[in-house]
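Enquirer: test case, fold it:
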Amino acid sequence: MKTKEEILREGYSALIGSLGATDAIRFLQHFRSGQGDYTKERRQWLDNKSLMEVWEEMEQVSNEPK
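Expert: Next up, the predicted model:
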């Protein structure tokens, strides 16, 4: 089994190999640590919605022009 460090090193190498250094950095910048309590916020967003309502909202967003 690979260590965490080995996986991270190989992952960075794969990103840089595929995207180049600049675009790999740009990609990684999308995954910063956030703030707040995601579980609490998710419950506020979803507790009063049915699964079908969530699904319909996801479809609307995915069908919006980009």
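Enquirer: what segments of the chain are helices?
Expert: Along the chain, counting by DSSP state H, helices occupy 4-19, 21-28, 38-46, 51-63.
Enquirer: count of neighbours near residue 28?
Expert: A count of neighbours around residue 28, defined by other CB atoms under 10 Å, yields 13. Backbone N, C-alpha and C define where each C-beta goes, glycine included.
Enquirer: and residue 19, how many neighbours?
Expert: Residue 19: 14 surrounding residues under other CB under 10 Å.
Enquirer: now do residue 53
Expert: 11.
Enquirer: gap between the residue nearest the centre of the chain and residue 46?
Expert: By CA atoms, centre = their mean, the mean C-alpha position of the chain lies nearest to residue 31, the distance being 6.7 Å. Per CB to CB, to the nearest Å, residue 31 is found 23 Å from residue 46.
Enquirer: one more: residue 20?
Expert: For residue 20, the distance to residue 46 equals 38 Å [CB to CB].
Enquirer: that'll do, ta.
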